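Undergrad: here are the coordinates; sequence isn't available:
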C-alpha cells in the first residue's frame, strides 16, 4: 500500500480556524486517508470530527489525541461508538495521557503512573465498546465505584457498536510507552519521530509485539505521525514556518525537567539546543526560542525546502516505521504534497 497521507488539523487557537472544511474536502478529493483533530485545554477533539466528518464519505476520522483525563473510560467508549456509527465505521480512537500540567491543572485528575493508568483505561474502553458489563477492579479505576450510595450496578451499553473492535491507537514518545502501544493497541501515534534516529523506537515496538497477549504484530500495526511539510525554494524560510511550533513544544509544553517533547530532541543529540530553547521560552522570549531551533533540528522531523530536496528526503521516510504521514499544511500545498509522496 505504501505510505498513506493524513491531515493534522490540530486544536483551535482563540477561535475556529478559517477554511478547515475546504481543507478537509480537498484532502478527501486528493485521496488522503485520514484527518486528525486534537485537544489541549480549549477546543475538544471529538466535536470537530463529527462536524467535518458529516461532509465527507471516505476519509478516516481520528483523534490525535483524545486526552484520557478529559473523560471517564465509559464516556470515551460512548463517544467512540457514537462517532463510529455516524461516520459509517471510519472512526479511529487516538488516546494519550497528555502531561501533568494539563492533566492535573486543567482536568483536576492525578497524573502519576500514566502507563498503568493507560493499560486499565484501554481495557475498560474495549470491554464497554464490545458491550461487556461495566465491571472492573484495578489500581486506578473501579466499576461500579465503591462507596457512594451502594446502588451502582454493572451495566451494558444500550448502543450496539458498529464495530466491536474499533481501532484504538496510543500516543507515545518514550520507549516504555511505545512498547505499551505495540502490546495493547492497534497503532502508535508518534510525535516528533525522526526516521534518522529511530533505533530506540524499533526496539521498543519489537519488545511490545513480543509480549504475551500482544494484540498485533509489526505486519498489521499502524504508525501515524504528524510531519510539517513546507514547500519553498528557500530552505531557511521554510524552516522558519516550523521553528515556532518546535519551540512551543520543546520549550513550553511542560515544566523544566518534565517535558517529554524536550526529551525526544535531547535523545537525538540536541540537549544543548533544547536547554537554550527552554530557557528562552520559559522566560517569555518566544521569538528567541524559535530562533534557537536550528535548521538541522527542523529537518530531522519535518520536510522543508524545494520540491527536489523534499522528494529526495522522502526516500528515508518511505523506509521508516510510518504507515501514515499526517501533514500540517495549507490547502494550496495538499496536491503538491500528495504528488511528492505518491508520485
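TA: Sure thing, it's come through. Remember, predicted model here, so these are calculated numbers, not experimental data.
Undergrad: Past the helix or strand hosting residue 202, which element shows up next along the chain?
TA: Per DSSP states H and E, residue 202 falls inside helix 199-210. Sequence-wise, the next helix or strand downstream of helix 199-210 (DSSP H and E) is strand 222-231.
Undergrad: Report the mean per-residue pLDDT for that next one.
TA: Here strand 222-231 scores 96 as its mean pLDDT.
Undergrad: other SSEs contacting that strand?
TA: Counting contacts by 3 or more Cβ pairs under 8 Å, 6 or more residues apart in numbering; DSSP states H and E, strand 222-231 is packed against strand 34-37, strand 187-190, helix 235-247, strand 303-305, helix 307-318, strand 324-328, helix 334-342. All C-beta spots, glycine's among them, are computed from the backbone N, C-alpha and C.
Undergrad: now for those, which one comes closest to residue 109?
TA: Nearest of the helices and strands packed on strand 222-231 to residue 109, taken as Cβ to Cβ: strand 187-190 at 20.3 Å.
Undergrad: What strands line up against the closest one, and which way round?
TA: strand 168-171 (parallel), strand 222-231 (parallel) (DSSP bridges).
Undergrad: in the strand or helix carrying residue 126, what counts as buried?
TA: Per DSSP H and E, residue 126 falls inside helix 114-129. Across helix 114-129, burial judged by 16 or more other Cβ atoms under 10 Å covers 114, 117-122, 124-129.
Undergrad: what number of residues lie near residue 278?
TA: Neighbourhood size, residue 278 [other Cβ atoms under 10 Å]: 22.
Undergrad: ugh, wrong one, I meant residue 198
TA: The number of residues packed near residue 198 is 16, by other Cβ under 10 Å.
Undergrad: cool, and residue 230?
TA: Residue 230 has 24 neighbouring residues, counting by other Cβ under 10 Å.
Undergrad: after the helix holding residue 126, next one along is what?
TA: Downstream of helix 114-129, the first helix or strand assigned by DSSP H and E is strand 136-137.
Undergrad: pLDDT averaged over that following strand - what is it?
TA: 98.
Undergrad: Can we start the residue count at 39 from this point?
TA: Understood, numbering begins at 39; the last thing we discussed is strand 174-175.
Undergrad: Parallel or antiparallel, list what pairs with that strand.
TA: As defined by DSSP bridges, the strand partners of strand 174-175 come to strand 180-181 (antiparallel).
Undergrad: For the most centrally placed residue in the chain, give its distance to residue 319.
TA: Central residue of the chain (Cα atoms, centre = their mean): residue 102, 3.6 Å from the mean position. Distance, residue 102 to residue 319, by Cβ to Cβ, to the nearest Å: 23 Å.
Undergrad: for residue 63, same thing?
TA: The value you get for residue 63 to residue 319, if Cβ to Cβ is used, is 36 Å.
Undergrad: could the helices and strands packed on strand 260-269 go into CSV alongside mean neighbour count, distance to residue 85 and mean pLDDT?
TA: Shown next, in CSV, are the helices and strands packed on strand 260-269 (neighbours: other Cβ atoms under 10 Å; distance: least, Cβ to Cβ, whole Å; pLDDT from 0 to 100):
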stretch, mean neighbour count, distance to residue 85, mean pLDDT
strand 72-75, 26, 8, 98
strand 225-228, 26, 19, 98
helix 273-285, 19, 23, 97
strand 341-343, 24, 30, 96
helix 345-356, 15, 32, 97
strand 362-366, 23, 19, 95
helix 372-380, 17, 23, 95
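Undergrad: Could you save the ones you listed as CSV and add columns showing distance to residue 114?
TA: Below are those laid out as CSV (distance: least, Cβ to Cβ, whole Å):
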stretch, distance to residue 114
strand 72-75, 15
strand 225-228, 15
helix 273-285, 27
strand 341-343, 33
helix 345-356, 31
strand 362-366, 21
helix 372-380, 30
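Undergrad: Can you check which of those gets nearest to residue 332?
TA: Closest among these, using Cβ to Cβ: helix 273-285, at 8.7 Å.
Undergrad: Tell me how far the closest one lies from the chain's centre.
TA: Remark: helix 273-285 is offset 21 Å from the chain centroid, using Cα atoms, centre = their mean, to the nearest Å.
Undergrad: Mind giving me the packing neighbours of that helix?
TA: Partner elements for helix 273-285 (3+ Cβ pairs under 8 Å, 6+ apart): strand 260-269, helix 309-320, helix 324-329, helix 333-339, strand 341-343.
Undergrad: Mind putting those into JSON lines with distance to residue 72?
TA: Output for the helices and strands packed on helix 273-285, formatted as JSON lines (distance: least, Cβ to Cβ, whole Å):
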{"stretch": "strand 260-269", "distance to residue 72": "8"}
{"stretch": "helix 309-320", "distance to residue 72": "30"}
{"stretch": "helix 324-329", "distance to residue 72": "29"}
{"stretch": "helix 333-339", "distance to residue 72": "20"}
{"stretch": "strand 341-343", "distance to residue 72": "18"}
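Undergrad: what's the most buried one of the ones you listed?
TA: Highest mean neighbour count among the helices and strands packed on helix 273-285 (mean count of other Cβ atoms under 10 Å): strand 341-343, with a mean of 24.
Undergrad: Brilliant, that's me finished.
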